[in-house]
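1. Got a predicted structure here, sequence first:
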There are 4 protein chains.
Amino acid sequence: MSAPTAFRTRIAVRFGDVDHAGIVFYPKFFIYFHEAFERFFDDARLTYERLLGERRIGFPTVHIDCDYKAPLKYGDSLDLEVSVPRVGQKSAVFRYQGYRHRDGKHAVSAEITTACVDMDRFAAIDIPADLRALFERFAT
Amino acid sequence: MSAPTAFRTRIAVRFGDVDHAGIVFYPKFFIYFHEAFERFFDDARLTYERLLGERRIGFPTVHIDCDYKAPLKYGDSLDLEVSVPRVGQKSAVFRYQGYRHRDGKHAVSAEITTACVDMDRFAAIDIPADLRALFERFAT
Amino acid sequence: MSAPTAFRTRIAVRFGDVDHAGIVFYPKFFIYFHEAFERFFDDARLTYERLLGERRIGFPTVHIDCDYKAPLKYGDSLDLEVSVPRVGQKSAVFRYQGYRHRDGKHAVSAEITTACVDMDRFAAIDIPADLRALFERFAT
Amino acid sequence: MSAPTAFRTRIAVRFGDVDHAGIVFYPKFFIYFHEAFERFFDDARLTYERLLGERRIGFPTVHIDCDYKAPLKYGDSLDLEVSVPRVGQKSAVFRYQGYRHRDGKHAVSAEITTACVDMDRFAAIDIPADLRALFERFAT
């Protein structure tokens, strides 16, 4: 088995993502994180859409800790590293490290705690074994 | 019975609504129109949320015809007039006339055709009598 | 010279794009169209960002004509064809034909008229020759 | 002088704010917080738009700590309390406590650290005295 590593993906800043101040509006980073989160599942051939639709399992956000370090502008893209540093019984922490592509500058750093939830009852459940195994591959 | 008139409401441009060019990003106007559409139902004490949730009736958009006449910036607000110029058997056309509050300039004009839909089957149905009566009060 | 053809690109529906009714919220399609529009310029090695930033030329929307034909859900993606059926002195019409990827169903069809604008003065200008030549290659 | 208190405002969940899971998409809460933040300035007759435009002072977000406690649906509204628990030389922490209007349930709690920034240089500056005085009135 290979050592844990981060999942890497790149997100381009879109025209409508910048705000009145000419930089990416800070809530948009959570849209980027969610897109990276979805690609993380896609990459594992466990699409988030099927997880929600077929298995009725979702990972709503319960806590965010996020640092903004450098602004992004239109024309920029963000190199994101997704890892899962902590996996509990019913929750998992996703870490997002974002680097501004043009200069490699560390732009954003976030830890997003998600609960593993039965979407029909909206109640926390134990993380299923296959998902736990996936997360642990990215436990860096 | 009073003569048909438009429903009037005001929407403030929000910080995140402007784009890289410093003006309201054009898709945001449809967010404004939908907000006005919801207030139109609220004002009639027929909230759109209950219409969808309890009566399972919705009005998804099937056609848009929209003219942009003057740009809005952050700090601006939009005076909107909502009317329902055409009510068919299973569809209704909502007209939105938007004026820039600071100078009264005509900023945007749209006709949005909606279908009356049974949300469970996502199939067009006849517009119920109470909604038809409401729409006709705004048939200016 | 080859016959005019459409520019093709695919957009995945994102988690936050669906609305209370479980389908892609109709204003989001304009976000998709804008993303396709930006990729159209990228593909021609004339990025929209540099067009705006360096040449101070933009193409704000002045008119929309749009038909919604079939809904998209989370998990869907949209195959978009971008063409430029009409190029005037100071304006260009972009046509977007969108097909639901899973079944090829025609989902959305739009013509978006844009003005060629000097972003410093926000005034219409003649479309520069290189952009006119680009648009005419997609004049299908 | 009266004792410090929170600024209170109410935000209605909009149709497009809910996600595929039928609850408000978590990034949208930051849109709500920003709207409350803008109303906080409006209420003090110091609009954020003039602060940015005329005085060239902004408060970009540098850190977020946020807990999600209960979900909101379409039809809900959020009662928000805004306070400023910590004011530093060049930064201020805004606290947002959000309660679900229909049942008073504590839905969301966030501390958002902002830097006081000269928007022309995008560099941190000392918080001007009038803003410091305003923030201290809400230092609960």
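-> Nice, I can see it. Numbering: from 1, shown residues only, chains lettered A, B, ... in the order given.
2. which regions of chain A sit below the pLDDT cut-off?
-> Chain A contains residues with pLDDT under 70 at A:1-2.
3. Which residues does the helix or strand in which residue A:135 is found contact?
-> For residue A:135, the host element (DSSP states H and E) is helix A:129-137. Helix A:129-137 has contacts (CB atoms under 8 Å, 6 or more residues apart in numbering or on different chains) with A:2, A:4-5, A:44, A:46, A:57, A:84, A:87, A:92, A:116, A:127. For glycine as for every other residue, the C-beta is placed from the backbone atoms N, C-alpha and C.
4. pull the CA atoms of that helix into CSV?
-> Extracted as CSV, the C-alpha positions of helix A:129-137 are listed here (Å, rounded to 0.1, in the frame of the first residue of the first chain):
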residue,chain,number,x,y,z
ALA,A,129,-16.0,0.8,5.7
ASP,A,130,-15.4,1.5,2.0
LEU,A,131,-15.5,5.3,2.6
ARG,A,132,-13.4,5.0,5.7
ALA,A,133,-10.8,3.1,3.6
LEU,A,134,-10.9,5.7,0.9
PHE,A,135,-10.5,8.6,3.4
GLU,A,136,-7.5,6.8,5.1
ARG,A,137,-5.7,6.7,1.8
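5. how about the residue lying closest to residue A:82 once chain neighbours are set aside, what does it touch?
-> Using CB to CB, 6 or more residues apart in numbering or on different chains and skipping residues adjacent in sequence, the residue nearest residue A:82 is residue A:7, 4.4 Å away. Counting by CB under 8 Å, 6+ apart, residue A:7 makes contact with A:36, A:39-40, A:43, A:81-83, A:138.
6. Mind doing that once more with 6 Å?
-> Going by CB atoms under 6 Å, 6 or more residues apart in numbering or on different chains, residue A:7 touches A:40, A:82, A:138.
7. what about the last one, distance to residue A:92?
-> Using CB to CB, to the nearest Å, one gets 10 Å for the distance from residue A:138 to residue A:92.
8. Could you check the angle the helix or strand containing residue A:8 makes with helix A:129-137?
-> Take DSSP H and E as the rule and residue A:8 turns out to sit in strand A:7-12. If you take axes from the mean of the first three to the mean of the last three CA atoms, to 10 degrees, strand A:7-12 sits at 80 degrees to helix A:129-137.
9. Specify which member of the contacts of helix A:129-137 is nearest to residue C:66.
-> The closest of the contacts of helix A:129-137 to residue C:66 turns out to be residue A:46 (CB to CB; 35.0 Å).
10. what angle separates the longest helix along chain A from strand C:7-12?
-> Counting by DSSP state H, the longest helix found in chain A is helix A:28-43. Relative orientation of helix A:28-43 versus strand C:7-12 (the same axes, to 10 degrees): 90 degrees.
11. Who are the packing partners of helix A:28-43?
-> Counting by 3 or more CB pairs under 6 Å, 6 or more residues apart in numbering or on different chains; DSSP states H and E, the packing neighbours recorded for helix A:28-43 are strand A:7-12, strand A:77-87.
12. With distance to residue C:112 added, can I get these in JSON lines?
-> What follows is the helices and strands packed on helix A:28-43, written out as JSON lines (distance: least, CB to CB, whole Å):
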{"stretch": "strand A:7-12", "distance to residue C:112": "21"}
{"stretch": "strand A:77-87", "distance to residue C:112": "25"}
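13. what's residue A:11 in contact with, if anything?
-> The neighbours of residue A:11, taking CB under 6 Å, 6+ apart as the test, are A:32, A:35, A:78.
14. how does it look with 10 Å?
-> A:17, A:28-29, A:31-33, A:35-36, A:39, A:72, A:76-80, A:98, A:101 (CB atoms under 10 Å, 6 or more residues apart in numbering or on different chains).
15. Going through these, which ones are buried?
-> If you count burial by 16 or more other CB atoms under 10 Å in any protein chain shown, the buried members of those come out as A:17, A:28-29, A:31-33, A:35-36, A:39, A:72, A:76, A:78, A:80, A:98, A:101.
16. how about the residues of chain A near chain C?
-> A:12-17, A:30-31, A:34-35, A:37-39, A:42, A:47-50, A:52-53, A:58, A:73-76 (CB under 10 Å from any CB of the partner chain).
17. Can you select the buried ones among the residues you listed for me in ChimeraX?
-> Entered in ChimeraX, the line below selects the buried ones among the residues of chain A next to chain C, by 16+ other CB under 10 Å:
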select /A:12,13,14,15,16,17,30,31,34,35,37,38,39,47,48,49,52,53,58,73,74,75,76
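18. wait, doesn't residue A:74 sit right on residue A:28?
-> No: in this structure, residue A:74 is not within contact of residue A:28 by CB atoms under 10 Å, at 11.4 Å.
19. And the next helix or strand past the longest helix of chain A?
-> helix A:48-53.
20. Just checking: what are the partner strands of whichever helix or strand comes after that following helix?
-> As assigned by DSSP H and E, the chain's next helix or strand after helix A:48-53 is strand A:57-58. Under the criterion DSSP bridges, strand A:57-58 sits next to strand A:117-118 (antiparallel) in its sheet.
21. Contacts for the strand it pairs with next, please.
-> Residues outside strand A:117-118 that contact it (CB under 10 Å, 6+ apart) are A:52, A:55-60, A:62, A:90-91, A:123-125, D:21.
22. List buried residues within those.
-> Among those, those scoring as buried are A:52, A:57-60, A:62, A:91, D:21 (criterion: 16+ other CB under 10 Å).
23. How about residue A:50: what's its closest non-neighbour residue?
-> Residue A:50 sits nearest to residue C:75 (CB to CB, 6+ apart), 7.4 Å away.
24. Report the contact partners of that neighbour.
-> A:47-50, A:52-53, C:12-13, C:15, C:18, C:102, D:20.
25. Swap in 7 Å and give it another go.
-> Residue C:75 makes contacts with A:49, A:53, C:13, as judged by CB atoms under 7 Å, 6 or more residues apart in numbering or on different chains.
26. What's the separation between the second one and residue C:30?
-> In this view, residue A:53 and residue C:30 are 26 Å apart by CB to CB.
27. now residue A:29
-> Distance of residue A:29 to residue C:30, given as CB to CB: 22 Å.
28. again, but for residue A:19
-> From residue A:19 over to residue C:30 the distance is 18 Å, taken as CB to CB.
29. likewise residue A:110?
-> 28 Å.
30. And the closest residue to residue A:3 other than its chain neighbours, how close does it get to chain B?
-> In space, and not counting its chain neighbours, residue A:3 is closest to residue A:140: 8.0 Å by CB to CB, 6+ apart. The spacing between residue A:140 and chain B, counted by CB to the nearest CB, to the nearest Å, is 33 Å.
31. ok, residue A:140 touching residue A:8?
-> No: using CB atoms under 7 Å, residue A:140 is not in contact with residue A:8, being 11.6 Å away.
32. for residue A:121, helix, strand, or coil?
-> Using DSSP: H, G, I helix; E, B strand; the rest coil, the structure places residue A:121 in coil.
33. Give me the phi and psi angles of it.
-> Per-residue torsions, residue A:121: phi -100, psi -10 (degrees, to the nearest 10).
34. Close to chain B: what parts of chain A are there?
-> Applying CB under 7 Å from any CB of the partner chain, one finds that chain A approaches chain B through A:15-16, A:18-20, A:25, A:74.
35. Now for these: which two are most distant?
-> Greatest spatial distance among the residues of chain A next to chain B (CB to CB): A:15 and A:20, at 14.3 Å.
36. Quickly note the distance from residue A:10 to residue C:96.
-> Look at residue A:10 and residue C:96: by CB to CB, they are 25 Å apart.
37. Between these two, which is the more surrounded one?
-> Shown here are residue A:10 and residue C:96; by other CB atoms under 10 Å in any protein chain shown, residue C:96 has more neighbours (23 against 13).
38. So the more buried one is in contact with residue C:32, correct?
-> No: taking contacts as CB under 7 Å, residue C:96 lies outside contact range of residue C:32: 8.2 Å.
39. Quick check: neighbours shared by those two?
-> Residues touching both residue C:96 and residue C:32 (CB under 7 Å, 6+ apart) are residue C:80.
40. Go ahead and confirm residue A:124 touches residue A:116.
-> Yes: taking CB under 7 Å as the definition, residue A:124 is a contact partner of residue A:116 at 6.4 Å.
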